[in-house]
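Visitor: sequence-free structure coming up:
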């Protein structure tokens, strides 16, 4: 854990393409830790299509053992981003590489972390992208279906 002047700091790399599930984690953190202990939190969003990133930072004012035990009980698969520091994100935000929001309340997470493009996110969740299909007509009147997947492009000719 990193120690900032204000307390204990955590940074989590979240799945940009699965914001629907990540909202549950962020909401649980916000609901379970009062502002007296959780003194700061923010989302950092990189919309570069070649390197989509989503980070969730937390800052606790006091001993973080309560958070560590809560995290291991409720989200044992969540890992912290040890290879990135808050200064890197601040520099990225200043260079307009990251969008940042620190206004986080459980009630507005659907707006702040939408599954569809809009607001701070330019690209939809993986589930939505996997459902999109575009039909094109070739010069031979054959239909070409382009199924757009988050990690591949599949072309079907009919």
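Guide: Sure thing, it's come through. Note that the coordinates shown come from a computational prediction; the quantities given were computed from them, not determined experimentally.
Visitor: Quick check: phi and psi at the residue nearest the centre of the chain.
Guide: Nearest to the mean C-alpha position of the chain, by Cα atoms, centre = their mean, lies residue 54 at 3.5 Å. Dihedral pair for residue 54: phi -140, psi 120, per degrees, to the nearest 10.
Visitor: Is it correct that it is in contact with residue 44?
Guide: Yes - in this structure residue 54 lies within contact range of residue 44 using Cβ atoms under 8 Å: 7.3 Å. C-beta: built from backbone N, CA, C; applies to glycine.
Visitor: Relative to residue 58, how far out is residue 84?
Guide: 14 Å (Cβ to Cβ, to the nearest Å).
Visitor: for residue 128, same thing?
Guide: Between residue 128 and residue 58 the computed distance is 28 Å (Cβ to Cβ).
Visitor: out of those two, which sits in the more crowded spot?
Guide: residue 58 (22 against 15; other Cβ atoms under 10 Å).
Visitor: Tell me if I am right that that one is in a helix.
Guide: No - membership of residue 58 in a helix is not supported by DSSP: H, G, I helix; E, B strand; the rest coil, which gives strand.
Visitor: my guess is it contacts residue 43, does it?
Guide: No - with contact defined as Cβ under 8 Å, residue 58 does not count as touching residue 43 (10.9 Å).
Visitor: For stretch 31-50, list every residue counted as buried.
Guide: For stretch 31-50, the neighbour count (16 or more other Cβ atoms under 10 Å) marks 33, 37-47 as buried.
Visitor: So which of those is the closest to residue 89?
Guide: residue 44 (4.8 Å; Cβ to Cβ).
Visitor: what about that closest one, is that helix, strand or coil?
Guide: Under three-state DSSP, residue 44 comes out as strand.
Visitor: Excluding chain neighbours, give the residue nearest to it in space.
Guide: In space, and not counting its chain neighbours, residue 44 is closest to residue 55: 4.2 Å by Cβ to Cβ, 6 or more residues apart in numbering.
Visitor: Next one: that neighbour from residue 130, what distance?
Guide: For residue 55 relative to residue 130 (Cβ to Cβ), the value is 24 Å.
Visitor: need the strands for this protein, in chain order.
Guide: 2-4, 7-14, 38-46, 53-60, 99-101, 133-137, 143-148, 153-157 (DSSP state E).
Visitor: what angle separates the fourth one from strand 7-14?
Guide: I take that to be strand 53-60. 160 degrees (axes from the mean of the first three to the mean of the last three Cα atoms, to 10 degrees).
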